[in-house]
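Peer 1: Quick one, structure for this:
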Amino acid sequence: MKLFHRELYLSKLRGFYDDAGMIKVLTGIRRCGKSCILQSVIEELKEQGIEESRLIDINLDKRAFRKIKTPDQLEQLIESLAPTDDPRLKYLFIDEIENVKGFEEIVNGFREDGDWSIFITGSNSYLLSGQLVTKLTGRYLEVEVFTLSFAEYLGMKQMYGMEVDANLAVEFGNYLAEGGFPKAVEYPNAEEKIAYTTSVIQEIIEKDIRRNNKIKHRSVFDRVLDYAVSNFGAPTSVKNILDHFARVEGIAIKRETLNRYLQILVDAKILYRCKRFDLKSRRSLNGEEKYYLADVSIYNALNTDRRINYGPALENITYTYALGMGYAVSVGRIGKFECDFILRNPANDYAYVQVSRTIADQATEEREYRALEAIRDSWPKYLLTMDSILQKRNGVIHANIESFMAAERRF
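Peer 2: Numbering: from 1, shown residues only. Next comes the predicted model:
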């Protein structure tokens, strides 16, 4: 199988390839490409001269390992695959490790042996809750994987020998419509791509949601899912959602039930919760937030109206793009104005970002610039649009969004 090497994530892992004390944990929505990243690591280790016998590769979603359900079975499997009487460092790769309940003690035990470099993946937030965090405090590195960025989408099409339009705007429109699930790129038409994404959502519901949660009212949960997906990128609060269900749909939901259902969708990595931050008080605004999708194609998979709603779609891909680059992201409020995103990198440098389809209309231009101009500090300010003609105004960096993302620029 030909692998598409996702340099953004491999670069985060390379410094830890030979680190036996730090467990490397890849998280992300199902089918976002975690397994292929592990295979890319294995390829790079082979290129460095590591023998296959020292590379223990276990994918617990594969039929060959489907009966591995207990920690003891997992331990026996690893020991049966490991080379005997070899004191050198061995490399252990376990894909979808949450299929084994109670895996934490086994993984930690092999880490404590001191001669294993361990890589694991999981598709939901339960992987980094409970015992794993308790046992491995400060001893694991989490790398969250997202679906393909626009640059990766273009790169994967080129790898497969597919035609890439010379007009970047055309490909960007395709990306907005199709999303970034890696496997979906292989399918030739839109219906097949949507069918694939729908199957991924169904798999998440069966393997990550039903397996880990008791949902008493399935029909109500499905309505909450539909509502959250249909309103991605919109400012919301639990009160507003409760009012909608009571007033529009005639469904009475308890606040704690709604909170739980939304958290389940976040834990399953279908949704991401982006909190709002007040720049004047320098505090998070409780109860005011936006929800974004793990991939914009989820909207098309669960809705019959598949026209691109550019406002939330552009926000969504900017949000996941920034997260993939390693930024912490929140929505900003400056008095009565709102800044789409406040970004903070690991060095505590900030950037402010507004996103709009176009500012060709003067009223839109004023609205987008006004929020950025109301920010008085000296951190960089960006306005991303699909416009080909760019302007300069008050130090704001106006950039074409498709060119910006194709070049994998940082803020």
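
Peer 1: ok, residue 119 to residue 110 distance?
Peer 2: 12 Å (Cβ to Cβ, to the nearest Å). (Each C-beta comes from the backbone N, C-alpha and C, glycine too.)

Peer 1: go on, residue 269?
Peer 2: Taken as Cβ to Cβ, the span from residue 269 to residue 110 is 26 Å.

Peer 1: any weak-confidence spans in the stretch 101-250 of the chain?
Peer 2: 129-132, 135-137 (pLDDT under 70).

Peer 1: tell me how far the lengthiest strand in the chain is from the chain's mean position?
Peer 2: With secondary structure taken from DSSP state E, the chain has its longest strand at strand 283-293. Distance of strand 283-293 from its chain centroid, counting by Cα atoms, centre = their mean, to the nearest Å, is 17 Å.

Peer 1: Just the CA trace of it, in CSV.
Peer 2: In CSV, the C-alpha atoms belonging to strand 283-293 read as follows (Å, rounded to 0.1, in the frame of the first residue of the first chain):
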residue,chain,number,x,y,z
ARG,A,283,-11.8,35.7,30.9
SER,A,284,-13.6,32.8,29.2
LEU,A,285,-17.3,33.4,28.8
ASN,A,286,-19.1,30.5,30.4
GLY,A,287,-22.1,29.2,28.4
GLU,A,288,-21.2,31.0,25.2
GLU,A,289,-19.5,28.8,22.6
LYS,A,290,-19.4,27.4,19.1
TYR,A,291,-19.3,23.8,17.9
TYR,A,292,-17.3,22.9,14.9
LEU,A,293,-17.2,19.6,13.0
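
Peer 1: Helix, strand or coil: sort out residue 354 for me.
Peer 2: Counting by DSSP: H, G, I helix; E, B strand; the rest coil, the backbone at residue 354 sits in strand.

Peer 1: Enumerate the beta-bridge partners assigned to it.
Peer 2: Residue 354 has the following beta-bridge partners by DSSP bridges: residue 383.

Peer 1: and it, how many neighbours does it have?
Peer 2: Residues near residue 354, counting by other Cβ atoms under 10 Å, number 25.

Peer 1: And it, what's its pLDDT?
Peer 2: Residue 354 is assigned a pLDDT of 98 by the prediction.

Peer 1: do the same with residue 332
Peer 2: 87.

Peer 1: Can you tell me the element it falls in?
Peer 2: Using DSSP states H and E, residue 332 falls within strand 328-334.

Peer 1: For the stretch 51-200 of the chain, which segments count as helices?
Peer 2: In the stretch 51-200 of the chain, helices defined by DSSP state H, counting those that start in this stretch lie at 71-81, 103-113, 131-135, 150-159, 168-178, 190-204, listed in chain order.

Peer 1: Dump the ones you listed to JSON lines, plus mean neighbour count and distance to residue 259.
Peer 2: Below are the helices of the stretch 51-200 of the chain laid out as JSON lines (neighbours: other Cβ atoms under 10 Å; distance: least, Cβ to Cβ, whole Å):
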{"stretch": "helix 71-81", "mean neighbour count": "15", "distance to residue 259": "32"}
{"stretch": "helix 103-113", "mean neighbour count": "18", "distance to residue 259": "27"}
{"stretch": "helix 131-135", "mean neighbour count": "15", "distance to residue 259": "22"}
{"stretch": "helix 150-159", "mean neighbour count": "20", "distance to residue 259": "34"}
{"stretch": "helix 168-178", "mean neighbour count": "18", "distance to residue 259": "31"}
{"stretch": "helix 190-204", "mean neighbour count": "17", "distance to residue 259": "20"}
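
Peer 1: Mind putting those into JSON lines with distance to residue 306?
Peer 2: Output for these, formatted as JSON lines (distance: least, Cβ to Cβ, whole Å):
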{"stretch": "helix 71-81", "distance to residue 306": "42"}
{"stretch": "helix 103-113", "distance to residue 306": "39"}
{"stretch": "helix 131-135", "distance to residue 306": "39"}
{"stretch": "helix 150-159", "distance to residue 306": "18"}
{"stretch": "helix 168-178", "distance to residue 306": "7"}
{"stretch": "helix 190-204", "distance to residue 306": "8"}
